[in-house]
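[1] Predicted model follows, preceded by the sequence.
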Amino acid sequence: MYSTIYVEREVSEHSLTQRVLSQFPSADKVECERYGEIFNRKAQDFRLQKQRPSLMLARKYGNHVLPVPAGYGVGGDHNYYFSVMLNCIYDCRYCFLQGMYRSAVHVVFVNYDEFAESIRNSASEHGSHEQVWYFSGYDCDSLAMEPIIGMAEYFIETVKSLDHVWLELRTKSTQIRSLLNQDVVPNVVTAFSVTPDRISASLEHKVPRLDKRIAAMVRLQERDWKIGLRFDPLIFVRDYQVQYHELIEKIFSSVDPDLIHSVTIGTFRLPKEFYRTLENLYPDSQFVAQPFVLSNGTVTYPKSVETDMKGWCYERLVEFIDSDRIHFDELELESG
Amino acid sequence: MTASVNIVVAMKSEALPLIDRFGLERVSRKGDRFLIYGNDQFSLTVSGIGAKNSEEAVRNLSKQSTSTDVNAWLNIGVAGHRSYDIGTSFLANCIVDSVTKRTLFPVFAIDFGLPTGKVTTVNVVETEYQEHTGYDMEAFGFAASASKFSTLEMIHCFKVVSDNRENSVQRLTKKDVEKFIDNHVESIVVLCSQLRNLASSVVQRLEPEDPTVEFAQYWRMTVTQRRILRKYLHKTKILNKDIKVTSDMIRDCQSTSVMLESIRSCLDQHWNNL
């Protein structure tokens, strides 16, 4: 999977570094001082690198836990995110990471202990009657790399004993073995991002097929793990009603809606600067070439498209899920 | 708009096997600072020894290209090494300036199928070989300079080990150097082809010509309007709504702003199935 692995000298003896390196014995190991020497350099082509990304093992200094952007969350009193990984093994054409980073290198911060300490410290600032959420899938997929880096396993253990703390593992993957191998932890939600099959096939490169992801959801439900559904981003296509209807029917023909922890709905949106980068990287993409509108610095669908798609999906979903478990992104739906 | 590979070597003896194998013709004229050879796919320049010379040779060679060309850059040359056998070749995966300690990391966006290793660029000939690295005198200057004209995926250094602790650099002759490169010339051909393919993949992303030229014959446009028009025309093309200057909706427009508005309306129909 990786033929080049960069390692910060400082973490070269770290146990996780050693564990990862042992899984790629033939990879070219290249030492560096700080990950920014490679990750933040100018003169990089994200699209070329995405063909064959390298891995970087590094240490994260400071800002291990940050408040989420406005509107991100599933109803918790306090919401934070943490990113032990930057970038993703999947290649989704709408993903904001393409616009945010210069490099497609997968950066893994191996100092999980410092992230865990920050989680405990920030959680302790809030009362035990308040729900404090930690989202791990903001800058990466939470589970896609689990067999290699064991991130979920570590942070499930971290939050296990913190009653008022919730952990969301957001994913498009089917890597659930580390969850199935342990007893259920009630304050952990595995949130699956879903899009219709045909949209996924054209825009979500390397992502497991929907059938396999639904099978993963079912297996988790069977073991009493909480799961969530993330219809985010909703992607406009001419027959989106047909495609999203099929998607919702397909999911709930296997997954028990009563056991769904939460659903979120959001449409495609990107900061203007990120979108400009996407236009340069993928000028041949029909998705990117669409005539999006600029609204408050965000490139998104026209308001009418956004409202119609969200409203339509909400109406379908509320047939299966109570409305209080359905959440929207920051662009609120006018009427339920 | 073309994709090509620019090769930079320090010595004429490193260049000779490449000029011969690629069938390059001399491009530079008598009195030019740097020798340049080329054909329609490759250019080669002889920089002279040292990072500064390499840096300037890259800058000079870049002037041969137009702003729309996409070039990969390849430094080829001999290097000393503490432990590698004489005649071994490798691509640099890390290039260190021995004086400033600045480091560059070439990016391997495809599998070149070649071994890799660290290169340290020194400013005096290395005879101690204290670290496990290749010692050369150009790579850092070359790569730092080339990164101003291309991205790191398309900038690489190919080194052939010419000296080590057992085989002193002092005994190295021009003939030896030529032979070291000649022994690897087929690997270099493959590498150049791979690099050219990378550059071609970037060229394919770019629009071959400015679609606004024809429109500019009929409408007076500000720079901003022309930029917007170019963007709109690109979108219409990708979304299969090709708009021609002769189409009715364009021909009847009374002003540039009306013409732009008309194309935007056409684009907005994309959403109109609701």
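    Arrived safely, thanks for sending. Numbering: from 1, shown residues only, chains lettered A, B, ... in the order given.
[2] and the lengthiest helix in chain A, what does it pack onto?
    Under DSSP state H, the helix in chain A containing the largest number of residues is helix A:303-317. Helix A:303-317 sits against strand A:226-234, helix A:240-252, strand A:260-267, strand A:326-328, with contacts defined as 3 or more CB pairs under 8 Å, 6 or more residues apart in numbering or on different chains; DSSP states H and E. Any C-beta I mention is one placed from the backbone N, CA and C, and that applies to glycine too.
[3] Run through chain B and note the low-pLDDT ranges.
    Within chain B, the segments meeting pLDDT under 70 span B:273-274.
[4] Which positions in the stretch 151-300 of chain A make contact with chain B?
    A:236, A:238, A:281-286, A:289-291 (CB under 8 Å from any CB of the partner chain).
[5] From chain B, how far out is the residue sitting nearest the centre point of chain A?
    Nearest to the geometric centre of chain A sits A:G137, at 3.5 Å (CA atoms, centre = their mean). Using CB to the nearest CB, to the nearest Å, A:G137 is found at 26 Å from chain B.
[6] likewise A:E125?
    40 Å.
[7] How about the residue nearest to the centre of chain A, nearest residue that isn't a chain neighbour?
    A:R170 (2.9 Å; CB to CB, 6 or more residues apart in numbering or on different chains).
[8] now do B:T151
    Counting by CB to CB, 6+ apart, the residue nearest B:T151 is A:D45, at 4.2 Å.
[9] sorry, back to before: make JSON lines out of the helices and strands packed on helix A:303-317 and add distance to A:S193 and mean pLDDT.
    Below are the helices and strands packed on helix A:303-317 laid out as JSON lines (distance: least, CB to CB, whole Å; pLDDT from 0 to 100):
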{"stretch": "strand A:226-234", "distance to A:S193": "4", "mean pLDDT": "97"}
{"stretch": "helix A:240-252", "distance to A:S193": "12", "mean pLDDT": "97"}
{"stretch": "strand A:260-267", "distance to A:S193": "9", "mean pLDDT": "96"}
{"stretch": "strand A:326-328", "distance to A:S193": "14", "mean pLDDT": "94"}
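[10] For the closest residue to chain B within the stretch 101-250 of chain A, grab the count of nearby residues.
    Going by CB to the nearest CB, chain B is nearest to A:R238 of the stretch 101-250 of chain A, at 4.9 Å. By other CB atoms under 10 Å in any protein chain shown, the residues close to A:R238 number 12.
[11] That one belongs to a strand, doesn't it?
    No: assigned with DSSP: H, G, I helix; E, B strand; the rest coil, A:R238 falls outside any strand and is coil.
[12] Helices along the stretch 151-274 of chain B, start to end?
    For the stretch 151-274 of chain B, the helices defined by DSSP state H, counting those that start in this stretch occupy B:174-182, B:185-205, B:213-216, B:223-238, B:248-251, B:256-268.
[13] go on, chain A?
    Counting by DSSP H, the helices of chain A are A:15-23, A:36-39, A:46-50, A:97-100, A:112-124, A:146-149, A:151-160, A:177-180, A:197-203, A:210-222, A:240-252, A:272-281, A:303-317.
[14] sorry, back to before: to B:F149, which of the helices and strands packed on helix A:303-317 lies closest?
    strand A:226-234 (36.4 Å; CB to CB).
[15] Pull up the pairing partners for that closest one, direction included.
    Sheet neighbours of strand A:226-234, with direction, are listed as strand A:188-193 (parallel), strand A:260-267 (parallel) (DSSP bridges).
[16] Just the CA trace of the first one, in CSV.
    It stands for strand A:188-193. Backbone C-alpha positions of strand A:188-193 (Å, rounded to 0.1, in the frame of the first residue of the first chain) are rendered in CSV as follows:
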residue,chain,number,x,y,z
VAL,A,188,-19.3,5.7,20.7
VAL,A,189,-21.2,6.3,17.4
THR,A,190,-19.9,4.9,14.1
ALA,A,191,-21.3,7.3,11.6
PHE,A,192,-21.4,6.1,8.0
SER,A,193,-21.3,8.7,5.2
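[17] tell me the average confidence for that strand?
    In this model, strand A:188-193 has a mean pLDDT of 98.
[18] and the angle from that strand to helix A:151-160?
    140 degrees (axes from the mean of the first three to the mean of the last three CA atoms, to 10 degrees).
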